[in-house]
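**Student:** Attaching a predicted model along with its sequence, questions to come.
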Amino acid sequence: MTPTAPEGGAETAGLICAACDRPLVVGRVRASYLGQSFPVDLPRCPGCGFVYVSEDLAGGKMLAVEQALEDK
Amino acid sequence: MDAEQVKLWEGRCVEEQPPACVAACPLHLDVRAMMGKTAAGDFAGAFAVYARFIPFPAIVAHVCDHPCEASCRRAEAGGGLAISALERACVEEAHVGSRRQPQRNRRPKRVAVVGAGLAGLAAAHDLALKGHAVTVFEADAHPLERLHRDFDADRLPPSAIAADLGGLAMLGVEIRCRSRIGAGDGPLGLDTLLEAHDAVLLALGPGPALAFSGSLPLDGDGRIAADPATSATVLPKVFSTGRLLGSDGAYSPIRSVHDGRRAGESIERFLQGASLTAARSDEGAGPSSLHVNIAAHGSVPPVVAADPSRGFDRTEAMAEAARCFPCRCLECVKACDYLAHHGSYPKRYVREIYNNDGIVMGNRKSNRMIDGCTLCGQCAEICPTGLDMGEVCLDARRSMVARDKMPPSHHDFALRAMAFARSPAATLARHRPGRGTSAAVFFPGCQLTASAPDQVVAAWDHLDARLPGGVGLMLDCCGAPAEWAGRVVLHAEVRASLAASWEALGRPRVITACSTCLQMFTRHHPEIAAESLWTVLAAVGLPDGPRPAVPAPLAIHDPCTTRGVPAVQRAVRGLAATLGVEVVELGGADLGPCCGFGGLAEFADRPVADRIVARRIGESALDYLAYCATCRDVFARAGKRTLHLGDLIFAGAGADPAGRPDPGPSARRAARLGLVRRLKRERWGETMDEPSPSLALTVPDAVRLDMERKLILIEDVAQVIARAEATGAKLKTPETGRFVANHRIGEVTFWVDYAVADGGFVVARAWAHRMQVEAEP
Ligand code: SF4
Ligand code: SF4
Ligand SMILES: [Zn+2]
């Protein structure tokens, strides 16, 4: 998860925010852990801002970043 | 971590001690490395090792009196290695002349060496390598006269002497023969020499030494007396090789070389203005404290050269060198997959862990190593000096917690589970119904309660029936997770609350089903008399009644927390015998590994914990007999048919307790709650509100197992869905018609992909992360 690279764009395909009935689009969000915070591009609802973290991202790059921060 | 303690720990691991052969060589030639390269056919590499330690490789290979051979540990398994003959083989195969270059020395000094014997030339060699200008004065017509005299050309070919003298010349050493140095200030007098040189080494035997007796005292051997530690004589700038080590009378070429090397080292220190005595490591031959498990090696006879007069050929040399074990300890590493996984051995690990502890800014690379240890004590049991890596890791964990450097993900789940097991709905501390006192209290432990609640009830009833004075019941957690996680404060809190419950019951004797609970009580509650259920049962006898049939023998796995508690191990075997069950040992009650749950290792490093389990369950094809609920469930989870001793006693006929699956963490929680409710209702006649109906949730087995691996509880998933359905905050996937929702519980965000079906929900997958993500405002 390089801080600003677009992430998981392909995985937005088809996901729709149920509350706003709008498809997710990749946009700038803020990720934070253990007092560190940085911008990252993830699929989110343009209406309510619901951010989607895919299983692959959670168990892959995001996990690696979490572990790196835990070992700092 | 305390630096002194760390040094003590490091000092206990003998793995880096030199093997016997290296210790016995006055020059500490790395015989082990040389044998390894020779065995691999790398003669050039072997020779390079040799030449790095030995100043005159060609000569020494032929004349060395090889004290190493007598000490070789292979002697105990077939016969010691022919190290000297192998050195000759390497020289034959790969002598390339000296490639060593003198160091560039910014302030080279001038050194005179008197006497071109092995000792004098060894000192000249070492000092020339350091970049000094060395001149050797020899009274005879040739250097190394004694070698020519003592060894015939068959034993020491003139070509070998020529090769090594050539090497010396390449280093710039000048040898002036027919130059007899005497006392006084003549052209070849010592005083004149001292004026022209920064240091003088007298490397003389007893005869020539007499010439200096006017100015220098002689020792009992008639040599010029020198300080045995420093080679210094009574005159400034003058050193003597003397005979530095106590001599047994016999001439030893290798010891002469060593004498010269030590004198050279002293002169180098003198020239640098450094201490002659501080931190010297050239004391010469000594014993080895490296531990070697000789019994693990089969006997292999020595290789005999086809033509003894020519020595080993290539193939023979490789075969003989391959008889080197090589000597290593690594006993703990061979036994423990966790220690093996990290690629080194405890001496290094202790240092790495200590360094990790001291990092202020930067990466703590050893965190997972520190938290991946099961704290099971197997290494300490195996180690010749009893080094306990668990003690080291626990100390490091406490230090991490104290400084708020513990990675939160490592122990969160386990500590949440502990908090649940200690919550009011999951705990109980009561006298037997209708009694106001308890002589004893049964403490089954949270794991047995979660894994086999019926067994808890049956055992409690049986104890109460057999023991006088009433047996109360305490359903609670012993605090092991807090202790293992290094949470000193939390652990103290658990201890205090346990002590209070026990006080309230009138300080009864405590009977534990779980050996971890027993260990916690014994270690941390000296005020409480605690005993194992198994020793109690051995004393009071077993209940009658039908029992599961056990047609075949069982291989017994002792939980790591019974290590060093033989009374419990024996009681369990006795009970098995009483039950008519044949038990097969798995290599010793005290020597086995942990099931991976100990030390919370499986939460911090699941792959390594899995490896430990896989190896353990592979040790025998028989069904296993465990007497810790966690061990049993972990093995069951890995697919090993495993019985709990309590199953054999209390499960009743017709059951197949070895086939009982691991309930998994969600069902464990439900079982704890269920048992408390059931006992309150059935035994104490309490009426209770029915728990609010939970979501109609379907979690297919494959999904549940995947969730367990990811440390996601069914309860977590239920919360995510309940919230999504209540608020409508969820995503939908039009193709599948399923929903995806999340919810943050504690420090973790849980995600669920689920379908709505027949008034309920079917979970397709779940995942989690700790990082928080929010749309930027
Ligand atoms: S077996 Fe190998 S390492 Fe051990 S003492 Fe003999 S030569 Fe040295
Ligand atoms: S058993 Fe392990 S810790 Fe003990 S001396 Fe050998 S290598 Fe070192
Ligand atoms: Zn929305």
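**Tutor:** Okay, I see it. Ligands and ions are numbered 1, 2, ... in the order given.

**Student:** contacts and neighbour counts: CA atoms only from here.
**Tutor:** Noted.

**Student:** what's the following helix or strand after the lowest-mean-pLDDT helix or strand in chain B?
**Tutor:** Within chain B, no helix or strand scores below helix B:206-209, which has a mean of 85 by mean pLDDT, DSSP states H and E. Per DSSP states H and E, the first helix or strand lying C-terminal to helix B:206-209 is strand B:238-240.

**Student:** same for the helix or strand that that next one is followed by, what does it pack against?
**Tutor:** The C-terminal neighbour of strand B:238-240 among helices and strands, as given by DSSP H and E, is helix B:253-272. Using 3 or more Cα pairs under 8 Å, 6 or more residues apart in numbering or on different chains; DSSP states H and E, the elements in contact with helix B:253-272 are helix B:57-63, helix B:118-129, strand B:199-202, strand B:238-240.

**Student:** Could you dump the ones you listed into a markdown table with mean neighbour count added?
**Tutor:** Output for these, formatted as a markdown table (neighbours: other Cα atoms under 10 Å in any protein chain shown):
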| stretch | mean neighbour count |
| --- | --- |
| helix B:57-63 | 23 |
| helix B:118-129 | 28 |
| strand B:199-202 | 25 |
| strand B:238-240 | 26 |
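
**Student:** Reduced to three states, what does B:Arg507 come out as?
**Tutor:** coil (DSSP: H, G, I helix; E, B strand; the rest coil).

**Student:** Which positions in the stretch 1-150 of chain B make contact with ligand 2?
**Tutor:** B:Cys13, B:Val14, B:Glu15 (Cα under 6 Å from any ligand atom).

**Student:** quick one, what contacts the residue lying closest to the last one once chain neighbours are set aside?
**Tutor:** Think B:Glu15. Leaving aside its sequence neighbours, B:Glu15 sits nearest to B:Cys329 (Cα to Cα, 6 or more residues apart in numbering or on different chains; 5.3 Å). Counting by Cα atoms under 8 Å, 6 or more residues apart in numbering or on different chains, B:Cys329 touches B:Val14, B:Glu15, B:Leu290, B:His291, B:Val292, B:Asn293.

**Student:** In a markdown table: the residues you listed, plus neighbour count and pLDDT.
**Tutor:** Formatted as a markdown table, these follow (neighbours: other Cα atoms under 10 Å in any protein chain shown; pLDDT from 0 to 100):
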| residue | neighbour count | pLDDT |
| --- | --- | --- |
| B:Val14 | 22 | 97 |
| B:Glu15 | 21 | 97 |
| B:Leu290 | 19 | 97 |
| B:His291 | 21 | 97 |
| B:Val292 | 21 | 97 |
| B:Asn293 | 13 | 96 |
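
**Student:** Those residues also near ligand 1: which ones?
**Tutor:** Okay, of the contacts of B:Cys329, nothing touches ligand 1 (Cα under 6 Å from any ligand atom).

**Student:** which sections of the chain are below the confidence cut-off?
**Tutor:** Using chain A. For chain A, applying pLDDT under 70 flags the ranges A:1-13.

**Student:** looking at chain B here, not the other one
**Tutor:** For chain B (pLDDT under 70), the answer is B:98-99, B:242-249, B:693, B:777.

**Student:** Show me what stretch B:624-642 is in contact with.
**Tutor:** B:447-448, B:451, B:513-515, B:554-559, B:572, B:595-597, B:613-614, B:617, B:623, B:643-646, B:657-663.

**Student:** Centre of the chain to that stretch, how far?
**Tutor:** 26 Å (Cα atoms, centre = their mean, to the nearest Å).

**Student:** Centroid-nearest residue for the chain?
**Tutor:** Using chain A. Centroid-nearest residue in chain A: A:Leu42, 3.8 Å away (criterion: Cα atoms, centre = their mean).

**Student:** Across the sheet, point out what pairs with that one.
**Tutor:** A:Gly27 (DSSP bridges).

**Student:** That one and ligand 3: what is the separation?
**Tutor:** Between A:Leu42 and ligand 3 the distance is 14 Å, computed by Cα to the ion, to the nearest Å.

**Student:** Not counting sequence-adjacent ones, nearest residue to the residue of chain A found nearest ligand 1?
**Tutor:** Closest residue of chain A to ligand 1, Cα to the nearest ligand atom: A:Asp71 (39.2 Å). Nearest residue to A:Asp71 in three dimensions, chain neighbours excluded: B:Arg364, at 5.0 Å (Cα to Cα, 6+ apart).

**Student:** hey, which helix is longest across chain A?
**Tutor:** helix A:61-70 (DSSP state H).

**Student:** could you list every residue that touches the residue sitting furthest away from the middle of chain B?
**Tutor:** In terms of distance from the mean C-alpha position of chain B, B:Gly186 ranks first, at 64.4 Å (Cα atoms, centre = their mean). Contacts for B:Gly186 were tallied using Cα under 8 Å, 6+ apart; they are B:Thr192.

**Student:** does it sit in a helix or strand, and which one?
**Tutor:** Taking DSSP H and E as the definition, one finds B:Gly186 inside no helix or strand.

**Student:** do you know how far it is from B:Ser344?
**Tutor:** Remark: distance between B:Gly186 and B:Ser344 (Cα to Cα, to the nearest Å) = 62 Å.

**Student:** what's near enough to touch the closest residue to ligand 3 within chain B?
**Tutor:** Closest residue of chain B to ligand 3, Cα to the ion: B:Ala729 (7.6 Å). When contacts are counted by Cα under 8 Å, 6+ apart, B:Ala729 touches A:Cys17, A:Ala18, A:Ala19, A:Phe50, B:Arg723, B:Ala741.

**Student:** Does it belong to a helix, a strand or coil?
**Tutor:** Under three-state DSSP, B:Ala729 comes out as coil.

**Student:** Likewise for the one 10 residues further on?
**Tutor:** On the three-state scheme (three-state DSSP), B:Phe739 is labelled strand.
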